[in-house]
Structure formats: structure tokens, C-alpha cells
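Student: Fold the following.
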Amino acid sequence: MDADVAVPDELDSVWESITALLAAVELTADDVIDLGQISQSSGLPEERIRQLLQDPEAAAEDPDTRFRERLARLREVRRRPDGRKLTLDDIGTGIGCSHAQIGYLLNGERQPSLRHVQGLELFFRVPPGFFTATDRQSLARALEPVHSSLAQIAALKGHIVLSSVRLRGSGAHAETVLGQALAEAIAAAEPDAEVREVADAMRALPPPHRSRVASVFRGILGLTHDRSGPSVNDR
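Tutor: Numbers count the residues shown, from 1 in each chain. The predicted model follows:
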């Protein structure tokens, strides 16, 4: 793969907007950024995520190393149904090539073809461009759900009519700070009695039931908050 030369991305603007929205809704980055989740969706190690967020001038990654690292990472986190690590045969069979070719790709002995890249994206069920996007592009894309939900909360707190706001789900994950903020903003901004009833019912559920309902909305909202996880600002 050729080296990237000034490839445009939206990371700076997305992060600046998230920072401004956090201040507006009185939350912090540690409240809403789950590094583990962002790492899985972007394919980047947590340390690299911190580096990119803290240093806009951080050195760009090597494209060949990028492909190998993301493929190796997917092989680590995406397991077989029995919990075992995917073999080279598993991956090769899945994309229609030999296990030897997969080994060459992981070792950097061969360059991936477009067929390899597209096949791997389908096999691992990752979005198009997962292997070819720069680190900054990947991180910007992974942060979009957080940005979207923060924008919705800010809009609701500004008493914008709910029907004019594009919500990503009909409820909130009550066990996350951002999810709670969204639920409160909906209840405060929406005069519709039915919407208030749903929000009140969510808060009134016993913890076990609320957890089960919340797990459904976790995927809809795309938000998690790992209180035991590392801080975004940790080095």
C-alpha cells in the first residue's frame, strides 16, 4: 500500500464539537468515552486513541503496518463459536483463499489485494474502509455516535421540539451517564404525555428489569460507560 499523503479527515472538527457539546451538557469525556468500545469499532489500540486525541500532530501510521495490525486485532477479538481463536484456515475459507495467503498477509510478506480487503471486511463484518482508512479517519468515524447523541441532548436541553431532532433510538441506556442525560433531556423538553410516560416507566423499573431493557437500547444508542476503565487523559 502506498503511504498516506495529507489524507483529509474530520477528527479535529468532530473532537472539537464533542468538547463543546460536553461543556454545554455539563459532562466530561470520561463520562461518555468508553475506550474499549471505541477501540473495537475503530480497530485502534487504546493508547493510539489517546495519542490521537491529545496530539493533533501525532505521526501518521504506516499503511502496511496498519493493515496487519487491524487484521491481527480482529483475529484476537473475534472468536469462533467455541471461544477459540480463529485459525488461518477459518479466515482463508471464509474469504476464499488458502491459509498460507492469510499467513503471508499477517506477516507482511504479501500485499493485500482489493479482493482480500473486501473479503476480510465481509468475513469480519466491519464497515467498508476498515482496513484502508487512516487511524484518524477510523477514530473520527468511531466517535460519530457519541457526537450524535451529545448533539441530541444539547438540542433537547435547548427545548427544541422533539419531532425535529433525529433520535438514534426511542429510549436511553439508564446505566450510562450519557443515556441518563438523554432520558432527562427528553422528559424535560417533550410536552407529549406518552413520551413522558415512557421515560418515567424506564426510571421506575426494578434494577434487574431496567438492566434488561437497557441492554436493548445500548445497541440502539451505541453508548457505553465503563467506570472501571482507563481515563481518556491517562497516558
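Student: From now on I want contacts and neighbour counts done on CA atoms only, so please keep to that.
Tutor: OK.
Student: Skipping adjacent residues, who's closest to Ala151 in space?
Tutor: Leu21 (6.7 Å; C-alpha to C-alpha, 6 or more residues apart in numbering).
Student: residues near that neighbour, how many?
Tutor: Residues near Leu21, counting by other C-alpha atoms under 10 Å, number 21.
Student: Domains in the protein, by residue range?
Tutor: Per automatic domain parsing, the domain ranges recorded for the chain read 11-45+135-221, 63-124.
Student: and these, which one is worst for confidence?
Tutor: Mean pLDDT per stretch puts domain 11-45+135-221 lowest among the domains of the chain, at a mean of 70.
Student: which one is Arg141 nearest to, not counting chain neighbours?
Tutor: Setting aside the residues directly before and after it, Arg141 is nearest to Ser42 in space (C-alpha to C-alpha, 6+ apart), at 7.5 Å.
Student: report the longest helix in the protein, please.
Tutor: When the chain is parsed with DSSP state H, its longest helix is helix 135-157.
Student: elements contacting that one?
Tutor: Helices and strands touching helix 135-157, by 3 or more C-alpha pairs under 8 Å, 6 or more residues apart in numbering; DSSP states H and E, are helix 11-25, helix 35-42, helix 177-189.
Student: angle of the longest one against helix 135-157?
Tutor: If I follow you right, that is helix 11-25. Angle of helix 11-25 versus helix 135-157, following axes from the mean of the first three to the mean of the last three C-alpha atoms, to 10 degrees, is 30 degrees.
Student: next one: the second one
Tutor: Counting by the same axes, to 10 degrees, helix 35-42 lies at 120 degrees to helix 135-157.
Student: follow-up on the earlier one: do I have it right that the residue nearest to Ala151 meets Gln152?
Tutor: No. Judged on C-alpha atoms under 8 Å, Leu21 makes no contact with Gln152 at a distance of 9.8 Å.
Student: tell me the contacts of Glu109?
Tutor: Applying C-alpha atoms under 8 Å, 6 or more residues apart in numbering, we find Glu109 in contact with no residue.
Student: any idea how far it lies from Thr65?
Tutor: Computed as C-alpha to C-alpha, to the nearest Å, the Glu109 to Thr65 distance reads 12 Å.
Student: ditto for Gln54
Tutor: According to C-alpha to C-alpha, Gln54 stands 22 Å off from Thr65.
Student: Over to Ala59?
Tutor: 13 Å.
Student: out of the two, which sits in the busier spot?
Tutor: Legend: neighbour count by other C-alpha under 10 Å for Ala59 and Thr65, higher for Thr65 (14 against 9).
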